[in-house]
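A.B. asks: one predicted model, sequence on top.
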Amino acid sequence: MNLQNPRGTYDALPEMSERLRFIENTAVEVFRRYGYGEIRTPVFEHMDVFARNVGDSTDIVSKEMYVFDDRGGDKMALRPEGTAGVVRAYYSNGLKQNLPLKLCYAGIPVFRYERPQKGRYRQHHQVGIECFGFNGPAADVETIAIGFALLKALGIDDGLYVTVNSLGSKEDRVKYREALVAYFEPHFEKLSADSKERLHKNPLRILDSKSENDRALLGDAPKLEDYLSEESKAHFADVKAGLDALGLPYKFDGTLVRGLDYYTHTVFEIHSDKLGAQSQVISGGRYDGLVEQMGKDSVAGVGFGSGTERLEAIMREMDMKRRPVSFIAMGEGTTVEALRLADKLRAVGLYADVSLDGGSFKSQMKRANKLNACYSVIIGEDEMKSGEYQLKDMDSGEQHSLRPDDLISYLTRAGK
RNA sequence: GCGGGUGUAGCUCAGUGGUAGAGCAUCAGAUUGUGGCUCUGAGGGUCGUGGGUUCAAUCCCCAUCAUUCGCCCCA
């Protein structure tokens, strides 16, 4: 039997899980403060929820999706991103009744068949938000603000940089795309191999090419901002003014183009300088176009997604471990007494540890130390007789006798 | 999908064509009811996997898998 975990997957051991859990809980709590309600959608959907038109130009959909036929012969796909499923659920559940609507998700698994790297897994997890029915720029501003709020709540708002751009309306983009293709076509031979391929498939992506030749050509290329309608320009100006008013730092980046093709108007990315090539921790934008792509009447949408593994990587050095009260039990009946008392501490929310297999006094003490216990409670035969247990402060080494009830109230107040 | 690096003890890594070592960690003892420090000792390895060259391969060659860095893409 092959005992290796599948390529691009990992097992989150307790230390990592603790941070992931913290990220998910914090995210939901932050989102709730902005009026978001949690939604849970299936891990798999009919394939066309994600691949809306044949020959989809985005790599995520055309090359990286896990697709399978179910036993009934239907084409299904594992979720490669969070937004499309939520939009589908919006229709399936008739949530039009509830507009405007704010939905969030936390810790949902997402699958992409990619070449694994640090911060890039074939199964990763996202937290994110989607809001529907807000046409104005304030929704774009608030969405970005929530991104900041999340990172701040996680204590990782250092070393970040934010870029924003506007892709304009669908019409703006069609015009710009034509201009871009017309500009690059005479220079076709000079383009990098990647960009040659991109020219007709997804020419906007040439904008963020890293090839030096491509970048040289880009100097004289038509600019997206010159192709925005007055309306689009006004929307984007309001977004930037809103970010300024909230004191949120950002950089305008005219070459920022998102990989998913449903974005319109505002797009943004938050990067961390603590990660390597996979530096994006949050990215999103407005996707008024998506809802129409699903063949329904159009509804405004804005949102973002964030990879929990990347957030976790930034939080690596943070120690999330709680400090227990460790019980040292020696002698007849003491372990059971320790279990009984430990449960009382747990009932008031403390973390209590009892060495279940006993062991020498010394080894139990060592165990308490290894767990980084804040206090240890010593229950030996003398203590059983007197009914007063020894409470030892593991930092100062101080120790005194307390009756069980006093011990509980003392520890409840101590709050180490 | 493309190009490079790396796979040796639980972890971080030395090392040699004659079947292996350190530090940390673990366990035990010094110290029969008091942890961290120190000292002593012990356990733990098909040297990623499969093939080839060789009297002999952990080392050289090929393949493969995994991982990592960059590209691509993206959270």
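C.D. replies: Received the coordinates, thanks. Residues are numbered from 1 along each chain as shown, chains lettered A, B, ... in the order given.
A.B. asks: would you point out which residue of the stretch 1-150 of chain A is nearest RNA strand B?
C.D. replies: A:Lys118 (2.9 Å; CB to the nearest atom of the strand). (Glycine included, C-beta is placed from N, CA and C.)
A.B. asks: does that residue touch A:Gln278 like I think?
C.D. replies: Yes. Between A:Lys118 and A:Gln278 there is a contact at 6.8 Å, judged by CB atoms under 8 Å.
A.B. asks: which one's more surrounded, those two?
C.D. replies: Taking other CB atoms under 10 Å, A:Lys118 and A:Gln278 do not tie; A:Gln278 has more neighbours (17 against 12).
A.B. asks: for the more buried one, which non-adjacent residue is spatially closest?
C.D. replies: Nearest residue to A:Gln278, sequence neighbours excluded (CB to CB, 6 or more residues apart in numbering): A:Gly119, at 3.5 Å.
A.B. asks: mind listing the helices for the stretch 101-250 of chain A?
C.D. replies: For the stretch 101-250 of chain A, the helices defined by DSSP state H, counting those that start in this stretch occupy A:137-153, A:170-184, A:193-201, A:212-218, A:230-245.
A.B. asks: buried stuff in the second one?
C.D. replies: Read it as helix A:170-184. A:172-173, A:176, A:179-180, A:183-184 (16 or more other CB atoms under 10 Å).
A.B. asks: who's in contact with the one residue in the stretch 151-300 of chain A that gets nearest to RNA strand B?
C.D. replies: Nearest residue of the stretch 151-300 of chain A to RNA strand B (CB to the nearest atom of the strand) works out as A:Gly259 at 1.2 Å. By CB atoms under 8 Å, 6 or more residues apart in numbering, the residues touching A:Gly259 are A:58-60, A:205.
A.B. asks: quick one, phi psi at it?
C.D. replies: phi -70, psi -30 (degrees, to the nearest 10).
A.B. asks: touching, the residue nearest to A:Gln278 and A:Glu312? I think so.
C.D. replies: No. The pair A:Gly119 and A:Glu312 fails to qualify as a contact (CB under 8 Å) at a distance of 9.7 Å.
A.B. asks: can I see the domain layout of chain A?
C.D. replies: Here the domain parsing of chain A from automatic domain parsing is A:14-166+A:247-317, A:170-228, A:325-415.
A.B. asks: just say which of those domains is most tucked in.
C.D. replies: With neighbours defined as mean count of other CB atoms under 10 Å, those peak in mean count at domain A:14-166+A:247-317, which reaches a mean of 18.
A.B. asks: from the chain's centre, how far out does it sit?
C.D. replies: Centre-to-centre, domain A:14-166+A:247-317 and its host chain are 8 Å apart (CA atoms, centre = their mean, to the nearest Å).
A.B. asks: stretch A:244-259 now?
C.D. replies: Counting by CA atoms, centre = their mean, stretch A:244-259 comes out at 19 Å from the chain centroid.
A.B. asks: first vs last residue of that stretch, how far apart are they?
C.D. replies: Length of stretch A:244-259, first residue to last, CA to CA, to the nearest Å: 27 Å.
A.B. asks: mean confidence for that stretch?
C.D. replies: For stretch A:244-259, the mean pLDDT works out to 91.
A.B. asks: ok, back up a step: for A:Lys362, state which of the buried residues of helix A:170-184 is nearest.
C.D. replies: Proximity of the buried residues of helix A:170-184 to A:Lys362 (CB to CB) peaks at A:Arg173, which lies at 71.6 Å.
A.B. asks: in contact with the closest one: list those residues for me.
C.D. replies: If you count contacts by CB under 8 Å, 6+ apart, then A:Arg173 has A:167, A:204, A:264 around it.
A.B. asks: do you know how far the nearest residue to the second one once chain neighbours are set aside is from A:Met76?
C.D. replies: The shortest distance from A:Leu204 to any residue other than its chain neighbours is 4.5 Å, reached at A:Val257 (CB to CB, 6+ apart). As for A:Val257, its distance to A:Met76 is 29 Å (criterion: CB to CB, to the nearest Å).
A.B. asks: likewise for A:Ser209?
C.D. replies: The separation that A:Ser209 has from A:Met76, given CB to CB, amounts to 34 Å.
A.B. asks: same thing with A:Ala138?
C.D. replies: For A:Ala138 relative to A:Met76 (CB to CB), the value is 38 Å.
A.B. asks: repeat for A:Ala193
C.D. replies: Taking CB to CB, one finds A:Ala193 at 34 Å from A:Met76.
A.B. asks: nearest spatial neighbour of A:Thr255, chain-adjacent residues omitted?
C.D. replies: Using CB to CB, 6+ apart, the closest residue to A:Thr255 is A:Leu207 (4.2 Å).
A.B. asks: tell me who's in contact with that neighbour.
C.D. replies: Applying CB under 8 Å, 6+ apart, the residues near A:Leu207 are A:218, A:221, A:224, A:254-255, A:257.
A.B. asks: those also near RNA strand B: which ones?
C.D. replies: By CB under 7 Å from any atom of the strand, no member of these lies near RNA strand B.
A.B. asks: what parts of the stretch 251-400 of chain A come near RNA strand B?
C.D. replies: Going by CB under 7 Å from any atom of the strand, the residues of the stretch 251-400 of chain A near RNA strand B are A:258-260, A:276-283, A:305-307, A:309-310, A:330-331, A:359-363, A:365-366, A:368-370, A:373, A:378, A:380-383, A:390, A:392, A:394-395, A:397, A:399.
A.B. asks: A:Gly301 touches A:Val87, doesn't it?
C.D. replies: Yes. Under the criterion of CB under 8 Å, A:Gly301 makes contact with A:Val87 at 6.9 Å.
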